[in-house]
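Colleague: sequence first, predicted model second:
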There are 2 protein chains.
Amino acid sequence: MEVTCTNCGFGSACLPRGLTQGEIEQLEHIVQRRKVLHKGDVLFRSGDPFRGLIAIKSGMAKLTYQDDQSQEHILALLLPGEILGFDALSHNAYHCSAQALDTLSYCALPARQISPICTKIPTLFHEMLRHASDVIGIQRKQMVFIKKPADQRLAGFLLDLSRRYEARGFSGETFSMGLTRKEIGNYLDLALATVSRTLKRFEKTGWIELQGKWVRIFDRPALECLLAEG
Amino acid sequence: MEVTCTNCGFGSACLPRGLTQGEIEQLEHIVQRRKVLHKGDVLFRSGDPFRGLIAIKSGMAKLTYQDDQSQEHILALLLPGEILGFDALSHNAYHCSAQALDTLSYCALPARQISPICTKIPTLFHEMLRHASDVIGIQRKQMVFIKKPADQRLAGFLLDLSRRYEARGFSGETFSMGLTRKEIGNYLDLALATVSRTLKRFEKTGWIELQGKWVRIFDRPALECLLAEG
DNA sequence: CGGAAACTTGAAACCTTTCAAGAGTCGTGG
DNA sequence: CCACGACTCTTGAAAGGTTTCAAGTTTCCG
């Protein structure tokens, strides 16, 4: 059976959130489905013309930004069911790059269809604004979060992933971190060695179990407690 | 003479950016003008229902966020001609607080008028989305910026203020930093002592002159050069 | 004018980074 | 299927930048 917006498992997290059945059916006719990429493939690059909003169906992607010194900074990690491209909506060009971290499939709402469909479905328009606003809020939390000490940053990183996996119907206990230690360090502004050391310490304390990029959370309250410290 | 959107000096930076004369006149009828606040007064508090978009006409404001440990984090510094409130557009409530740093006057576009006027002036709607998108971009730059060493953060802080003042018709050479050393530290994630020390060092090197919150930039290229380092 | 708040400045402590070397893991090709 | 090479991860020791602590000075405001 073909997967449509109507029967897609991510419906409530994805763009159709808040739409009526009739409206979702309108959307379905426009959404392009079942595109597949492989590890390292690029979804879009900074400066590319805006092609459309992308919803990840499976796999993970990283969002990166190149600064003036052509240094790469990882801005976000995208999980299945999450949408990217809102920041390009208004300028018709991407301001950052997105790359698949493993085999990845996604749907797309083509750029040139967005304005017409928003006119037809006013709710969708408000939904777009809401998503853009959500991005602002998430980034703010990240800005505050990055000020904490190394162990709290890593605890928060794990808890955030766990929560997001869980919210999308995956296991929040055992999951892939998606990034290498070096990339985690880049994302959290820590040295590779600090990431490795701290994660290992969590493991020795019995809070988590590590297996390459995979992690299993044994003691979630302990991590939450660490994160909540002054 | 009454200041209207048509003759307001910030026209090109403010919301009317991109609107025709006729459209601006429509906007004028709705915008509330000449509100005045004093140092420490609150424009809005986190959780307040969305009252409207605010454009600062004179004075400065700080945008703050309270984390789970009820610690205040300064997210942004708002200068004359800048707009705030976009993040509340979609959820109809503010997610952060705004406070006047000195005597401040502002205009407001009331919340309940926004939807009607956007329907009447489609350009304005796109303008809203563009502003929201701009906020995302500014926050990203800030996230990357905060990873740099202390002296680069402070150089960047000064250059950013200088550029923004200049873009709005004020002096980019001599201006007020608006914040105390402690607040600058909060904003840039540095200890109060580090801010004081580093600014003093800039002054001793002859790059700037300090006078309380006021700063005069003598050697802008030196600051730019410092910021551009690896 | 006086008290509180803000700022400066030195010294020691601390956390994180850097450097470095060895172990482990992965994918590819023989 | 194993071997090889490249990349990633772990871990220790030393270095380094920032913070903390603390005390003195200046500035601001009532």
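Modeller: Looks like it arrived, so ask away.
Colleague: contacts only, for the residue nearest the centre of chain A.
Modeller: The residue lying closest to the centre of chain A (C-alpha atoms, centre = their mean) is residue A:78, at 2.0 Å. The contact partners of residue A:78, taken as C-beta atoms under 8 Å, 6 or more residues apart in numbering or on different chains, are A:56, A:60, A:61, A:62, A:63, A:84, A:98. Where you see a C-beta, it was placed from the backbone N, CA and C, and this is true even at glycine.
Colleague: separation between the first one and residue A:62?
Modeller: When distances are taken as C-beta to C-beta, to the nearest Å, residue A:56 and residue A:62 turn out to be 11 Å apart.
Colleague: where does chain A have low pLDDT?
Modeller: The model of chain A has pLDDT under 70 over residues A:1-2, A:11-12.
Colleague: okay, now the domains of it?
Modeller: Domain segmentation of chain A under automatic domain parsing yields A:21-144, A:147-228.
Colleague: does the shortest one reach chain B?
Modeller: The reference is to domain A:147-228. Yes. Legend: contact between domain A:147-228 and chain B by C-beta under 8 Å from any C-beta of the partner chain is shown at A:147, A:189, A:228.
Colleague: who wins for most neighbours among those?
Modeller: Most neighbours among the residues of domain A:147-228 next to chain B, by other C-beta atoms under 10 Å in any protein chain shown: residue A:189, with 18 neighbours.
Colleague: quick check: it vs residue A:198, distance?
Modeller: Counting by C-beta to C-beta, the gap from residue A:189 to residue A:198 is 13 Å.
Colleague: tilt between the helix ranked longest in chain A and helix B:122-145?
Modeller: Longest helix in chain A, counting residues (DSSP state H): helix A:122-145. Note on geometry: by axes from the mean of the first three to the mean of the last three C-alpha atoms, to 10 degrees, helix A:122-145 and helix B:122-145 are set 20 degrees apart in direction.
Colleague: who are the packing partners of helix A:122-145?
Modeller: Here helix A:122-145 is seen to pack against helix A:21-28, helix A:111-120, strand B:72-78, helix B:122-145 when contacts are counted using 3 or more C-beta pairs under 8 Å, 6 or more residues apart in numbering or on different chains; DSSP states H and E.
Colleague: is the next helix or strand after that helix in proximity to DNA strand C?
Modeller: Per DSSP states H and E, the first helix or strand lying C-terminal to helix A:122-145 is helix A:150-167. Yes. Helix A:150-167 reaches DNA strand C (C-beta under 7 Å from any atom of the strand) through A:150, A:151.
Colleague: which outside residues touch helix A:150-167?
Modeller: Contacts of helix A:150-167 (C-beta under 8 Å, 6+ apart): A:13, A:77, A:79, A:82, A:145-146, A:148, A:171-173, A:175, A:177, A:184, A:187-190, A:194-195, A:198-199, A:201-202, A:208, A:215, A:217, A:220, A:223-224, A:226-227, A:229.
Colleague: give me the buried subset of the residues you listed.
Modeller: A:13, A:77, A:79, A:82, A:145-146, A:148, A:172, A:175, A:177, A:184, A:187-190, A:194-195, A:198-199, A:202, A:208, A:215, A:217, A:220, A:223, A:226-227 (16 or more other C-beta atoms under 10 Å in any protein chain shown).
Colleague: quick one: end-to-end distance for stretch A:180-198.
Modeller: Start and end residues of stretch A:180-198 are separated by 14 Å (C-alpha to C-alpha, to the nearest Å).
Colleague: over to stretch A:5-20?
Modeller: Span of stretch A:5-20 from end to end, C-alpha to C-alpha: 12 Å.
Colleague: distance between it and the chain's centre?
Modeller: 17 Å (C-alpha atoms, centre = their mean, to the nearest Å).
Colleague: also stretch A:89-101?
Modeller: Relative to its parent chain, stretch A:89-101 has a centroid offset of 13 Å by C-alpha atoms, centre = their mean.
Colleague: would it count as contacting chain B?
Modeller: Yes. Using C-beta under 8 Å from any C-beta, stretch A:89-101 reaches chain B at A:89, A:90, A:91, A:95, A:96.
Colleague: rewinding a little: now the angle from the longest helix of chain A to strand A:72-78?
Modeller: Using the same axes, to 10 degrees: helix A:122-145 against strand A:72-78 is 130 degrees.
Colleague: what about helix A:122-145, near DNA strand D?
Modeller: No. Using C-beta under 7 Å from any atom of the strand, helix A:122-145 stays clear of DNA strand D, with a minimum separation of 14.7 Å.
Colleague: quick revisit: so which of the contacts of residue A:78 are in helices?
Modeller: Short answer: the contacts of residue A:78 have none in helices (DSSP H).
Colleague: which one of these sits closest to DNA strand C?
Modeller: residue A:60 (14.9 Å; C-beta to the nearest atom of the strand).
Colleague: and that closest one, what does it touch?
Modeller: The contact partners of residue A:60, taken as C-beta under 8 Å, 6+ apart, are A:77, A:78, A:79, A:80, A:100, A:101, A:102, A:104, A:176, A:178.
Colleague: give the bridge partners for the fifth one, please.
Modeller: Read it as residue A:100. With DSSP bridges applied, the residues forming beta bridges to residue A:100 are residue A:61.
Colleague: list the contacts of it.
Modeller: A:37, A:38, A:39, A:40, A:41, A:42, A:43, A:59, A:60, A:61.
Colleague: out of these, grab the one that's most surrounded.
Modeller: That'd be residue A:61 among those, by other C-beta under 10 Å, with 27 neighbours.
Colleague: quick check, it in contact with residue A:44.
Modeller: No. At 10.1 Å, residue A:61 does not count as touching residue A:44 under the criterion of C-beta atoms under 8 Å.
Colleague: any shared contact partners between those two?
Modeller: Contacts common to residue A:61 and residue A:44, judged by C-beta under 8 Å, 6+ apart, are residue A:98.
Colleague: which SS state does the closest residue to residue A:170 other than its chain neighbours fall under?
Modeller: Among residues not flanking residue A:170 along the chain, residue A:80 sits closest, at 7.4 Å (C-beta to C-beta, 6 or more residues apart in numbering or on different chains). State at residue A:80, reduced to three classes by DSSP: H, G, I helix; E, B strand; the rest coil: coil.
Colleague: ok so, going back, can you lay out the residues of domain A:147-228 next to chain B as TSV showing distance to DNA strand D?
Modeller: Shown next, in TSV, are the residues of domain A:147-228 next to chain B (distance: C-beta to the nearest atom of the strand, whole Å):
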residue	distance to DNA strand D
A:147	9
A:189	12
A:228	17
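Colleague: closest to DNA strand C out of these?
Modeller: For the residues of domain A:147-228 next to chain B, the nearest to DNA strand C is residue A:189 (6.0 Å; C-beta to the nearest atom of the strand).
Colleague: wait, what's in contact with that closest one?
Modeller: A:146, A:153, B:146, B:147.
Colleague: and the first one, what is it in contact with?
Modeller: Okay, so that is residue A:146. Listed by C-beta under 8 Å, 6+ apart, the contact partners of residue A:146 are A:153, A:188, A:189, B:143, B:146, B:189.
Colleague: many thanks, we can stop here.
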